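**Student:** can't give you the sequence, but here's the structure:
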């Protein structure tokens, strides 16, 4: 019998060593990051987002150093949060915030007369103590006013149009410009 020969593949020298891949984050950690990033997109505050996601506030800073993809995801979440804040500023500046009318600690409601379906007349009742006739009303919508924020509108305009609405520095001098009239008046005295 012939001895069995086996062919061995010639060992090829390894090519340049492939860079070590960072291991993927464990699922619970990834879920904590997702929860934190979702909260930061809503709140815009690291402290509040950490409380919402039930993680330590310093976890965010550790993730910034440890995970190379995390800073990009964080920046994207912050941009979403900035957009949400911008939308809220627009609503408060242009539409306003509803402020309910309160009287003696109770909300005030619109009074809708209760009508008799057959006659169309307003229903009444008699007060058992005084015997006076009282008109019946149903409770309608809550009464209140929409209050706009002039300050938010001003800051929004300053941010969008700094040339027109920005602050001007009166101490800054332009050699070619005439001094403001109040300075000329003071200098002439």
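**Tutor:** Arrived safely. None of the values given here were measured: they were computed from a predicted structure.

**Student:** tell me the domain ranges of this protein?
**Tutor:** As assigned by automatic domain parsing, the chain contains the domains 27-96, 98-147.

**Student:** which one of those lies closest to residue 162?
**Tutor:** Closest to residue 162 of those, according to CB to CB: domain 27-96, at 16.3 Å. Glycine gets a C-beta too; all of them are placed from N, C-alpha and C.

**Student:** wait, which of the domains of the chain is closest to residue 163?
**Tutor:** Comparing these by CB to CB, domain 27-96 comes nearest, at 19.7 Å.

**Student:** quick one on the thing from earlier: in TSV, list the domains of the chain along with distance to residue 164, mean neighbour count and mean pLDDT.
**Tutor:** Shown next, in TSV, are these (distance: least, CB to CB, whole Å; neighbours: other CB atoms under 10 Å; pLDDT from 0 to 100):
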stretch	distance to residue 164	mean neighbour count	mean pLDDT
domain 27-96	16	15	89
domain 98-147	26	10	88
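
**Student:** Quick one: the ones you listed as JSON lines, columns for distance to residue 157 too.
**Tutor:** Shown next, in JSON lines, are those (distance: least, CB to CB, whole Å):
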{"stretch": "domain 27-96", "distance to residue 157": "9"}
{"stretch": "domain 98-147", "distance to residue 157": "19"}
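
**Student:** Tell me which other helices or strands the helix ranked longest in the chain touches.
**Tutor:** In the chain, taking DSSP state H as the definition, the longest helix is helix 70-90. Helix 70-90 sits against helix 27-43, helix 57-66, helix 150-160, with contacts defined as 3 or more CB pairs under 8 Å, 6 or more residues apart in numbering; DSSP states H and E.

**Student:** Go through these and name the closest to residue 120.
**Tutor:** helix 150-160 (46.2 Å).
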